[in-house]
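Novice: After the sequence you'll find the predicted model.
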Amino acid sequence: LALKGGAEVMLGRYEEALETLDKSAVRTDPAVAAWRGYAEAELGDWRKARQSFLEANPLIDAYFPLWAGRFHAAAARANIRMGDGSAAERHAEAARRTGDPVAMGQASLTLGELALAAGRKNDAQTIFSKLLDHEDPNVRVRAELADTMLGLETGRISLMDAADRLDSLRFRWRGDALELEIVAALSDVQFRLGNFREALQLAQSFAMQFPDMPGSRELRIQMSEYFDDLFLNSKADDIDPIQALALFYEFRDLTPIGPDGDRMIRKLANRLVAFDLLDPATELLAHQVENRNLIGASRAKIAADLASIYLIDKRPEEALRVIGSTRQTGLDDDLRLERRLLEAAAHMELQRYSHAIELLESLSDQRSKELLAEVHWRARSWGPAGRALQNALPDPGVSSLTPSQVQTAIRAAVAYRLDGNPEGLADLRAGYTPAMSQTAQSETFDLLTGSTRVTSTRLTDIVKSLADTSSANAFISGLKQKFGGAGGQR
């Protein structure tokens, strides 16, 4: 078995060799450990390789110089990958003493990596440059890979040139741990160049082709980190939103489970809404609500976002449907309030004013007050509208009002006029004349709240002027601002 395993190593059949050398009859034989370690190193399983060479160490120099040198060189690579620099240097020097050109080249690469780790970049570059014309193709490719990455780090090589060199290397060496290193490096360079799809496709293709190869797991982790950078850390903001959406769908299996995944999806939806791409945004969120394994607050939050977009898109029936289908207990106060306001707004848009009023009249926060006032205004319930609008204003006696509050005060006055409520007008005038006197609507407010008779024509003109400037759909406008101004940070 030992001879068979060694022969398979010599033929480059490393997986078959490991299967042979792992049989119980030879598993604990120190003479076999060196062959096993070499195969493990060639497959990139550095932890196992290092352990095998520890077991084989007393016997390595008993082999013919050619294989003793290659065992030492492989042991050096395994040790430097596992962070044991002193052992790596010891094995590398031992490999160089054997005189085998391949082992000497591999050992020199390890010494270059050690120089780089010690901050001696010029020494490392000198070593790598000398190996670019080495007789062994593996040494040449590894030297060019190391030289490219060092040149990129020091600014000697541009990202574009590095991508070209790495792409060439990928076709010069295929199918083992070295190709994985090349692919990982090329994928990283492509991502830094902004070629996000190419970076993800490259890493995904190799990871799927060699799923069991040591290092494939790290490559998949690298892919997930790219995906997080794109959709959690706003890298995707650099590309067209439709392209970002297509990229998300193509690699959606990388969406993390849990709060990060929820936030990622909501950020992407925010960006689509900010660009008025409402259909793609609703499709994205609807898929998450209906098909993703979301429970509890996560599903309720995304449903609230989806309902918001349906309202912006003038689809109140869909907003009610999604709120109703995701109703549940145990939500925090803010989310519960948000969903209730969305439900009330949907009823208002469908002219089901009594349903909206029932949902809002027991609430005391500012947004609820403003929405309730809007519902009464739309329902032409002028008395309740006047009181609700006045209730949405700051306390009487304030020194100034915001533009939206000025419009609310004018609307309250119009509602009291239409209701024939002089007491309401007098109360409104007493509380807000000082603040309104400083605004462009001072004369209109004075006219509406005073004792002068206002003709129906004049009142109609005022109501028409309010249609474009008032909070007639302030709630929906607020939803648009929430998405457009969130910047993905919600």
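Specialist: Cool, the structure landed.

Novice: which stretches of the protein have low pLDDT?
Specialist: 1, 24, 293, 467-472, 484-490 (pLDDT under 70).

Novice: If we use 80, what do you get?
Specialist: Along the chain, the model assigns pLDDT under 80 to residues 1-2, 24-28, 175, 214, 291-296, 460, 462-473, 484-490.

Novice: Can you give the distance from stretch 36-56 to the centre of its chain?
Specialist: Counting by CA atoms, centre = their mean, to the nearest Å, stretch 36-56 is centred 37 Å from the centre of its parent chain.

Novice: Give the buried residues for it.
Specialist: Neighbour-count burial for stretch 36-56, with 16 or more other CB atoms under 10 Å as criterion, is recorded at 36-46, 48-56. (C-beta placed from N, C-alpha, C; glycine too.)

Novice: Identify those among the residues you listed that sit within helices.
Specialist: Counting by DSSP state H, the part of the buried residues of stretch 36-56 found in helices is 36-42, 46, 48-56.

Novice: List the residues that contact residue 213.
Specialist: Residue 213 makes contact with 43-44, 176-177, 180 under the criterion CB atoms under 8 Å, 6 or more residues apart in numbering.

Novice: Mind doing that once more with 10 Å?
Specialist: Applying CB atoms under 10 Å, 6 or more residues apart in numbering to residue 213 gives the contacts 15, 43-45, 175-177, 179-180, 206-207, 219.

Novice: how many neighbours does residue 144 have?
Specialist: Residues contacting residue 144 under the criterion other CB atoms under 10 Å number 21.

Novice: What of residue 148?
Specialist: Neighbourhood size, residue 148 [other CB under 10 Å]: 25.

Novice: Please spell out which residues along the helix or strand where it lies are buried.
Specialist: Using DSSP states H and E, residue 148 falls within helix 137-154. Neighbour-count burial for helix 137-154 flags 138-152 (criterion: 16+ other CB under 10 Å).

Novice: The next helix or strand after that helix to helix 137-154, inter-axis angle?
Specialist: With elements assigned by DSSP H and E, the helix or strand that comes after helix 137-154 is helix 159-172. Helix 159-172 runs at 170 degrees relative to helix 137-154, counting by axes from the mean of the first three to the mean of the last three CA atoms, to 10 degrees.

Novice: now helix 159-172: how far from the chain's centre is it?
Specialist: 28 Å.

Novice: Please point out which parts of that helix sit buried.
Specialist: In helix 159-172, counting by 16+ other CB under 10 Å, buried: 162-163, 165-166, 169-170.

Novice: Also stretch 95-111?
Specialist: The neighbour-count check on stretch 95-111 (16+ other CB under 10 Å) flags 95-98, 100, 102-111 as buried.

Novice: Next: stretch 19-30.
Specialist: Of the residues in stretch 19-30, those buried under the neighbour-count criterion (16+ other CB under 10 Å) are 20-21, 26, 29.

Novice: quick one: which of those residues is nearest to residue 392?
Specialist: Here the nearest of the buried residues of stretch 19-30 to residue 392, counting by CB to CB, is residue 21; it sits at 80.2 Å.

Novice: wait, what's in contact with the closest one?
Specialist: By CB under 10 Å, 6+ apart, residue 21 lies in contact with 1-2, 4-6, 8-9, 27, 29, 32-33, 35-37, 39-40, 52.

Novice: Would you list the phi and psi of it?
Specialist: phi -80, psi -10 (degrees, to the nearest 10).

Novice: swap in residue 362?
Specialist: According to degrees, to the nearest 10, residue 362 has phi -90, psi 0.

Novice: Am I right that residue 131 is in contact with residue 110?
Specialist: No: with contact defined as CB atoms under 10 Å, residue 131 does not count as touching residue 110 (11.2 Å).

Novice: on that earlier part again, kindly write the PyMOL command that selects the buried subset of the contacts of residue 213.
Specialist: A single PyMOL command selects the buried members of the contacts of residue 213 (16+ other CB under 10 Å):
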select buried, resi 43+44+45+176+177+179+180+206+207+219
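
Novice: Of all pairs in the contacts of residue 213, which one spans the longest distance?
Specialist: 15 and 219 (18.5 Å).

Novice: The buried residues of stretch 95-111 in helices, which ones?
Specialist: Counting by DSSP H, the part of the buried residues of stretch 95-111 found in helices is 95-97, 102-111.

Novice: Widest-spaced pair of the residues you listed?
Specialist: 97 and 109 (16.2 Å).

Novice: burial of residue 74, as a residue count?
Specialist: Neighbour count of residue 74, defined by other CB under 10 Å: 27.

Novice: My error: substitute residue 458 in the last question.
Specialist: 13.

Novice: how far away is it from residue 447?
Specialist: For residue 458, the distance to residue 447 equals 8 Å [CB to CB, to the nearest Å].

Novice: Kindly report the same for residue 35.
Specialist: Distance from residue 35 to residue 447, by CB to CB: 100 Å.
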